[in-house]
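>>> I would like to see how this sequence folds:
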Amino acid sequence: MRRLFAASTLALLLAAGSVHAQQVDTASVDAAVQRVMPEVTAWRRDFHQHPELGFAETRSAGVIAEHLRSLGLEVRTGVGKTGVIGILRGARPGRVVALRADMDALPVQEATGLAFASTATGTYMGNTVPVAHACGHDMHMAMLMGAAEVLAGMKDRIAGTVVFVFQPAEEGAPPGEPKGGAALMIAEGALNDPKPEAIFGLHVVPGRAGSVFYRPEGFMAASDRVDISLKGKQTHGAWPWRGIDVIAVAGQVVETVNTLTARTVDPTTTPTVFTIATINAGIRYNIIPDSATLSGTLRTFDTAQRDALVARAETAIDHVAEAYGATAEFGVRQNAALVFNDPGLSAWLAPVLTEAAGAGNVNPATPPTTVAEDFSYFQQVIPGVFYHLGASPDGVDPATSAPNHSPEFSPNEKVLPLGVKTHVLTALRFLERS
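Numbering: from 1, shown residues only. A predicted model of the protein is given here:
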């Protein structure tokens, strides 16, 4: 009896293993992707016409949650205020993998000329502002919804679990919020029960439509917001010596930041960008004000180098202010950590993406980019890879096509099937790993 039980158990294990190792063929994936494309395109255009700012994505979240429920997925809403989690459990137990899309739009006045262009408005910093999907998150939501439908239709052939993460507030924490979307979703258990072994995500960017590119290790920069407050002494513009001129101090601060970055960081080791982007001071042409505020962004790829530059900048700015008799307050707040693509997963992913995009369309060794992404916070919890999907309009040089965050940014809808396919194949092939 014991020998018979052992033989039966071994047979069951072998059978389970064969199911786990069974590979869904590419042709089946292609056919399923094409079937969902009318829906994916419609979703993209609907989201584009109804953009919502970070942590205000209530309509978008509702559309996503309704669709995931219609597929029979387990759905959790309100994770990180407006985030949505969908859980697809395959016919057999196995690995757990996560796929992520972001949902928020930007306070941008759209100028694409699209028939479905946004005319929406929202509230940002107490003001009513135009809102547009000027970064492509409408594409991301639609593609991941399509991937969920394709994978749900293959449930009987899947051994393992796919977690779909729809994240709010990728563009950073709105004013007054301590955390952005990824960090808040993690804090509220987005990666728990079940806990994924890996997470994958994508972003549409300028590039040849149909191309996919990324790199192992540091891919997208860590992003810090920098705020500087200067205090001086108000005086008549004709008598600057009777006050403390914060306008002159502000000018010196900008020069100091630019010089420190150019002269104390080795540009051959890691890219570093330190930009002062706003200066606010004064109300009248002939009055030197008593205060000024500056803000900017710091983009880095090395934590130690970043910390050293921040320390040098704070000291130097204090000295500049002191030389004029002014005072300075210097603050730094991280918006996104370094997007660090797991080296092992990056190498594994290259042939999977090639399977999706075709030979010659995948570059797994692209240079790093100084734009940032809070997908990085997921990667601090579990291994992950983030990749870019080229989506420049037909006939437009990617080098001159409108960039993300531009009023004219208009990603090519022809890449929607590829985005769905990369999501689907990434999940399937990960779950099929022995």
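>>> three-state assignment of the closest residue to H67 other than its chain neighbours?
Once flanking residues are discounted, H67 sits nearest to M145: 5.5 Å by CB to CB, 6 or more residues apart in numbering. Where C-beta positions appear, they are placed from N, C-alpha and C, glycine not excepted. Classification of M145 using DSSP: H, G, I helix; E, B strand; the rest coil returns helix.
>>> is it true that M145 touches A61?
No: using CB atoms under 8 Å, M145 is not in contact with A61; the gap is 11.9 Å.
>>> State the distance from the spatially most central residue of the chain to F340.
Taking CA atoms, centre = their mean, the centroid of the chain lies closest to E373, which sits 3.7 Å from it. Distance of E373 to F340, given as CB to CB, to the nearest Å: 11 Å.
>>> do the same with V253
From V253 to F340 the distance is 31 Å (CB to CB).
>>> ok, now R225?
20 Å.
>>> between these two, which one's more packed in?
F340 (20 against 16; other CB atoms under 10 Å).
>>> isn't there a helix covering that one?
No: counting by three-state DSSP, F340 is located in no helix; its state is strand.
>>> My guess is it contacts E217. True?
Yes: using CB under 8 Å, F340 makes contact with E217 at a distance of 6.0 Å.
>>> Which residues are in contact with each of those two?
Between them, F340 and E217 share no contacting residue under CB atoms under 8 Å, 6 or more residues apart in numbering.
>>> Show me what secondary structure element comes after the lowest-mean-pLDDT helix or strand in the chain.
Counting by mean pLDDT, DSSP states H and E, the weakest-scoring helix or strand in the chain turns out to be helix 2-21, with a mean of 38. With elements assigned by DSSP states H and E, the helix or strand that comes after helix 2-21 is helix 26-49.
>>> now F200, what's its secondary structure?
Classification of F200 using three-state DSSP returns strand.
>>> Spatially, which residue comes closest to it, not counting chain neighbours?
That would be T426: by CB to CB, 6+ apart, it lies 4.9 Å from F200.
>>> Now do the contacts for that neighbour.
97, 99, 200, 349, 352-353.
>>> All the helices of the stretch 251-400 of the chain, residue numbers only.
303-324, 343-357, 375-379 (DSSP state H, counting those that start in this stretch).
>>> Would you convert these into JSON lines that also reports mean neighbour count and distance to R69?
Shown next, in JSON lines, are these (neighbours: other CB atoms under 10 Å; distance: least, CB to CB, whole Å):
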{"stretch": "helix 303-324", "mean neighbour count": "16", "distance to R69": "41"}
{"stretch": "helix 343-357", "mean neighbour count": "18", "distance to R69": "27"}
{"stretch": "helix 375-379", "mean neighbour count": "25", "distance to R69": "24"}
